[in-house]
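**Student:** Kindly generate the corresponding structure for this input.
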Amino acid sequence: MASEAPCLFALDASRPYGERVAAALGVALARHEEREFEDGEHKARPLESVRGRDAYVIHSLYGEPGMSANDKLVRLLFFIGALKDASAARVTAVCPYLAYSRKDRRTKPRDPVGSRYVAQLFEAVGCDRMVTLDVHNLAAYQNAFRIPAEHLEARGLFIAWFAARLQDQPVVVVSPDAGGAKRADAFRDSLARALGRPVGSAFMEKRRSEGAVSGEAVVGEVGGMTSLIVDDLIGSGTTLARAAAACKALGAARVLAAASHGLFIGTAASVLAGPALEKVLITDSVAPFRLPPALRGNRVEVMETAALFAEAIRRLNAGGSLVELLPS
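**Tutor:** Numbering: from 1, shown residues only. So this is what the prediction gives:
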């Protein structure tokens, strides 16, 4: 069981997030160096000894201007390898957003299974444990890794926000597709306990073909109720907007939404600015740099997860359990 403070690193692209986690832990980020070379290659190395220590590396693997998700993934893999070569006892990758998690099965002949390949890469460089937030398919994530694959949930943060504001309103939790019904049902159970009263459930039909999404029917009662649309991720926003419009068309009094990861790609900002959605909650696993300032803090509210990851690291470093961090 580890007794000293965790050796916590954050690669440069994730440093602001890493600093928030470090502050919540009451430690300073460990020093490291990243260098760029003219041919586009790079290197990263720790600037202090990690021999015999447990090291934690924070890096959220989403693409942003100047650095793709692939760039971030390679940098993290190489840095983990450098830590293992420097005799770190154990290395844990802390990835609030884990790239390629959605590609967890074959949907067409000869399709790749990207989530499994990513897991193999982490294992190949000597990573001892993975920690992430709200992956698309928990079973696929856990089965892809042969090392311990820890999973945190933002549900508790969202429940606390909604429970404080929906005390006297009839509420229904809506899944934007049948595949997310299990996630939405867990959210509904938690919200019902927090409110101390029943909460309804509904889901949208959804068909996807060649990237196009269709389906308008809502299964469940939403008329006159506050509809909470729950999903793991917002990409282009079209799925969320489609569900919101369908709920409003059926007489929903209000439409709110919660999704752990806000990528907001393409025309998502304009899609979410439509009249159907009143509020969207996301976490800071992905920086909302694609959103215009008018949406941030008004239509879109960001829940901070640094304290959640800090507590997970604290418990892992002490040989403890993460079960109590999962919402009931």
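
**Student:** Return stretch 306-325 as CSV; C-alpha atoms alone will do.
**Tutor:** C-alpha atoms of stretch 306-325 as CSV (Å, rounded to 0.1, in the frame of the first residue of the first chain):
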residue,chain,number,x,y,z
ALA,A,306,-11.3,17.7,-10.7
ALA,A,307,-12.4,16.9,-7.1
LEU,A,308,-13.9,13.5,-8.3
PHE,A,309,-10.6,12.5,-10.0
ALA,A,310,-8.6,13.8,-7.0
GLU,A,311,-10.5,11.6,-4.6
ALA,A,312,-10.1,8.6,-7.0
ILE,A,313,-6.4,9.1,-7.1
ARG,A,314,-6.2,9.5,-3.4
ARG,A,315,-8.0,6.2,-2.8
LEU,A,316,-6.0,4.3,-5.4
ASN,A,317,-2.7,5.6,-4.0
ALA,A,318,-3.7,4.4,-0.5
GLY,A,319,-4.9,1.0,-1.8
GLY,A,320,-8.5,1.9,-1.3
SER,A,321,-11.7,1.3,-3.2
LEU,A,322,-13.6,3.5,-5.7
VAL,A,323,-17.0,1.9,-5.1
GLU,A,324,-18.1,4.6,-2.8
LEU,A,325,-17.5,7.2,-5.5
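
**Student:** In contact with Cys95, which residues?
**Tutor:** Each residue near Cys95 by CB atoms under 8 Å, 6 or more residues apart in numbering is listed here: Ile58, His59, Ser60, Leu61, Leu76, Met130, Val131, Thr132. Quick note: C-beta positions are derived from backbone N, CA and C, even for glycine.

**Student:** Quickly note the distance from the closest residue to Arg106 other than its chain neighbours to Gly126.
**Tutor:** Distance criterion CB to CB, 6 or more residues apart in numbering; nearest residue to Arg106, sequence neighbours excluded, is Val113 at 6.3 Å. Val113 is 22 Å from Gly126, where distance means CB to CB, to the nearest Å.

**Student:** If you drop the residues flanking it in sequence, what lies closest to Gln167?
**Tutor:** Once chain neighbours are set aside, the closest to Gln167 by CB to CB, 6+ apart is Leu195, at 6.9 Å.

**Student:** surely the one you found meets Asp168?
**Tutor:** No: using CB atoms under 8 Å, Leu195 is not in contact with Asp168; the gap is 9.7 Å.

**Student:** From Asp54, how far out is Met67?
**Tutor:** Distance, Met67 to Asp54, by CB to CB: 27 Å.

**Student:** which one of the two has more residues nearby?
**Tutor:** Higher neighbour count among Met67 and Asp54: Asp54, with 21 against 13, using other CB atoms under 10 Å.

**Student:** Tell me who's in contact with the more buried one.
**Tutor:** Ala2, Pro6, Cys7, Ala88, Ala89, Arg90, Val91, Thr92, Asn317.

**Student:** Same question for Glu221.
**Tutor:** Contacts of Glu221 (CB under 8 Å, 6+ apart): Val172, Gly200, Ala202.

**Student:** distance of the second one from Ser190?
**Tutor:** Note on Gly200: its distance to Ser190, by CB to CB, is 14 Å.
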